[in-house]
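**Student:** From the sequence below, what's the structure:
(one chain, ligands or ions: 2)
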Amino acid sequence: MEFISELHTHSRYAGACSDRLTLQSMDAIAREKGIGIMGTADFSHPEWFKEIKKSMEPQGNGLYKLKGSSSGVNFILSNEVCTIYPKVKGGKAGVFDRTGNVAKIHHGILVPDIETIEQVNEALAKFGSLSIDGRPQLSMTAAELVETIHGINERSTVFPAHAWTPWFGVFGSMGGFDSLEQAYEDQAKRIYAIETGLSADPAMFWRLSKLDKYSVISSGDAHSLPKLGREATVFEFGEGELSYGSIVGAMKDRKVKYTIEFYPEEGKYHYDGHRRCNISLSPQEAARYNGICPVCRKKLTLGVLHRVEELADREEGKRPDGAKPFVHTVPLNEIIASVSGKGVYTQYVYAAYARFIERFGTEFNVLLWAKIEDIAKVDAKVAEAIDNVRHDRASIKPGYDGVFGVIDVLKASAQEQGAKSSYGQRTIGGF
Ligand SMILES: [Zn+2]
Ligand SMILES: [Zn+2]
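**Tutor:** Ligands and ions are numbered 1, 2, ... in the order given. The predicted structure is shown next:
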């Protein structure tokens, strides 16, 4: 049986996150979307952790369910933290990023039980305040984090979150490192999986042979309910085999089934550019300007694609042995909004979305599996758009320097019209 998982998400206690993110609403939305394994998020935040303890019921397999809920959604205890190593005199070698600055990296954490969280939180509190933000900032190195978490319970796991984002990604252009070994030092051996982030997809990982040994996972990193599951990792387990151990085991043994991906061009940091100067450039174009903004003459914010090109040792389009497939998708509410010309958060879109859920059970069923002709019976334009998305035929203006890309789900892509797309053969990862 397939399980769609959302392993990295946030609560209402994390910075810039919606007040409506409660465990109850996350449970309900996960069911509606078809997410079978849902991260609790932010388990280090004292108030949120109290809610987790009060509302969650252990299932005896390292996963939890919301008390009194019949959703069938399994919760996994999850968190995201930011390690910042202070630049002190005589600091340890290797903890400064390649720009010589203080290394700031975001990491996802999964643990198998509440007792482990108690100990993890006690340990992490020595490195920073856990109550300021659901995503705490900790004055420690990435290696110290892994050592601490793993030392408390070796069944816990840490993974680099949104590995390519410019500022907090382990490979980011504005900080970051060239390898996991530089970032995690001797603890790199305990890293099994790397999260793509919205601006990257697995085909971009395939360009680096040194990443072949890792599982590639995807998460929505949502700051509001509608964005839950905009990216996801799919596992397959036999009858009765679902457990915390089987999820982490699949990550360890590269047995993720496939990932569900945002179009990387839609992410906020795909291309290079300057938001204030309204400048967006492909890595090749940015190179022609020597990485300098033609408007303000300051350094461009280099995007994910740029970093991939910089580190790549394999051509575009080559798929390494054992690489898992992936599918691109666009959230259903955005598709409805786009084809109807209405805003995403309008009554019209809510009502249309509800009609689809009523008819097809879950959002992922509509996006990935339902027959196009059945979708067309509800809305012909939505059906056409979903068909385009399933075949990677949508047209996209890439995101840059914090500006989301713009997708037109009804317009055929430049690639389709014979020109070269911003990222080559996008369909290669599809089924
Ligand atoms: Zn993050
Ligand atoms: Zn500029």
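**Student:** Now do the residue in the stretch 1-150 of the chain that ligand 1 sits nearest to: how many residues are near it, please.
**Tutor:** For the stretch 1-150 of the chain, the residue closest to ligand 1 is His106, as judged by CB to the ion, at 3.5 Å. To be clear about C-beta, it is placed using only N, CA and C from the backbone, and glycine gets the same treatment. Using other CB atoms under 10 Å, His106 has 23 other residues around it.
**Student:** just Glu80 next, same as before
**Tutor:** Glu80 has 27 neighbours, counted by other CB under 10 Å.
**Student:** With adjacent residues omitted, what lies nearest to it?
**Tutor:** Arg135 (4.9 Å; CB to CB, 6 or more residues apart in numbering).
**Student:** now swap in Ser340 and tell me
**Tutor:** Tyr348 (6.4 Å).
**Student:** how much space between the residue lying closest to Ala232 once chain neighbours are set aside and ligand 2?
**Tutor:** Nearest non-adjacent residue to Ala232, counting by CB to CB, 6+ apart: Ile260, 4.4 Å away. Noted for Ile260: a distance of 34 Å to ligand 2, by CB to the ion, to the nearest Å.
**Student:** you'd agree the residue nearest to Ser340 is in a helix?
**Tutor:** Yes: applying DSSP: H, G, I helix; E, B strand; the rest coil, one finds Tyr348 inside a helix.
**Student:** In this model Gly341 seems to touch it, though I could be wrong.
**Tutor:** No: taking contacts as CB atoms under 8 Å, Tyr348 lies outside contact range of Gly341: 9.6 Å.
**Student:** Which one's more surrounded, these two?
**Tutor:** Per other CB under 10 Å, whichever of Tyr348 and Gly341 has more neighbours is Tyr348, with 13 against 7.
**Student:** Return the distance of that one relative to Ala337.
**Tutor:** Distance, Tyr348 to Ala337, by CB to CB, to the nearest Å: 9 Å.
**Student:** and stretch 208-223, is it in reach of ligand 1?
**Tutor:** No: residues of stretch 208-223 are not located near ligand 1 by CB under 5 Å from the ion, the shortest gap being 6.1 Å.
**Student:** in that stretch, what's buried?
**Tutor:** By neighbour count on 16 or more other CB atoms under 10 Å, the buried set for stretch 208-223 is Leu208, Leu211, Tyr214, Ser215, Val216, Ile217, Ser218, Ser219, Gly220, Asp221, Ala222, His223.
**Student:** residue contacts, the third one?
**Tutor:** By CB atoms under 8 Å, 6 or more residues apart in numbering, the residues touching Tyr214 are Leu180, Ile191, Tyr192, Ala193, Ile194, Phe205, Arg254.
**Student:** Would you mind measuring from it to Val146?
**Tutor:** For Tyr214, the distance to Val146 equals 14 Å [CB to CB].
**Student:** Find the nearest non-adjacent residue to Pro264, please.
**Tutor:** In space, Pro264 is closest to Asp201, 4.7 Å off (CB to CB, 6+ apart).
**Student:** pLDDT score for the one you found?
**Tutor:** Listed pLDDT for Asp201 reads 93.
**Student:** for it, what are its contacts?
**Tutor:** For Asp201, the contact set (CB under 8 Å, 6+ apart) comprises Thr259, Glu261, Phe262, Tyr263, Pro264, Phe326, His328, Gly429.
**Student:** Could you pull up phi and psi at the first one?
**Tutor:** Translated: Thr259. phi -120, psi 150 (degrees, to the nearest 10).
**Student:** neighbours around it, how many?
**Tutor:** Other residues near Thr259 come to 25 when the count uses other CB under 10 Å.
**Student:** Wait, Leu305 touches Gln284, no?
**Tutor:** No: using CB under 8 Å, Leu305 makes no contact with Gln284, being 9.8 Å away.
**Student:** mean confidence for the helix or strand that contains Val409?
**Tutor:** Take DSSP states H and E as the rule and Val409 turns out to sit in strand 406-412. The pLDDT scores in strand 406-412 average 85.
**Student:** so what does that strand touch, helix or strand wise?
**Tutor:** The contact analysis (3 or more CB pairs under 8 Å, 6 or more residues apart in numbering; DSSP states H and E) places strand 406-412 against helix 332-340, helix 380-390, strand 394-397.
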